[in-house]
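[1] Got a predicted structure here, sequence first:
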Amino acid sequence: MSGPLAALVNLNKRPYYIHWGVIQLSAANAVVILLMVVAFFAAILLPFPKDKERPREDSEAASTDAVETER
């Protein structure tokens, strides 16, 4: 394999494994799992972007006004 990607990772060496009891993971898989867990918790903890055009109170008031006018 030649090119710019060949210099990033040397695959001509013995792989590194993490042993924990009966669990055996390659180091690359452990890094990927760790990144997925971090992304999962970041998605839970980071707030959703807010609507900046109109405040939430105005939209709730408008919906209650519309219901009252229909009656």
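    Arrived safely.

[2] Report how many residues lie close to Leu25.
    15 (other Cβ atoms under 10 Å). The way it works is simple: take the backbone N, C-alpha and C, and place the C-beta from them, glycine included.

[3] which other residues reach the helix or strand in which it is found?
    In the assignment (DSSP states H and E), Leu25 maps to strand 23-26. With contacts defined as Cβ atoms under 8 Å, 6 or more residues apart in numbering, strand 23-26 is touched by Pro15, Tyr16, Tyr17, Ile18, Ile33.

[4] what about the first one, is that helix, strand or coil?
    Secondary structure assignment for Pro15 (DSSP: H, G, I helix; E, B strand; the rest coil): coil.

[5] count of neighbours near the closest residue to it other than its chain neighbours?
    Excluding its sequence neighbours, the residue lying closest to Pro15 (Cβ to Cβ, 6 or more residues apart in numbering) is Ser26, at 5.7 Å. As a burial measure, Ser26 scores 12 neighbours (other Cβ under 10 Å).

[6] pLDDT-wise, which helix or strand of the protein ranks last?
    helix 56-70 (a mean of 58; mean pLDDT, DSSP states H and E).

[7] so what strands line up beside the strand holding Leu25?
    strand 17-20 (antiparallel) (DSSP bridges).

[8] Counting neighbours, which bits of the strand it pairs with end up buried?
    Residues of strand 17-20 include none that count as buried (16 or more other Cβ atoms under 10 Å).

[9] Likewise for stretch 34-46?
    Per 16+ other Cβ under 10 Å, stretch 34-46 contains no buried residues.
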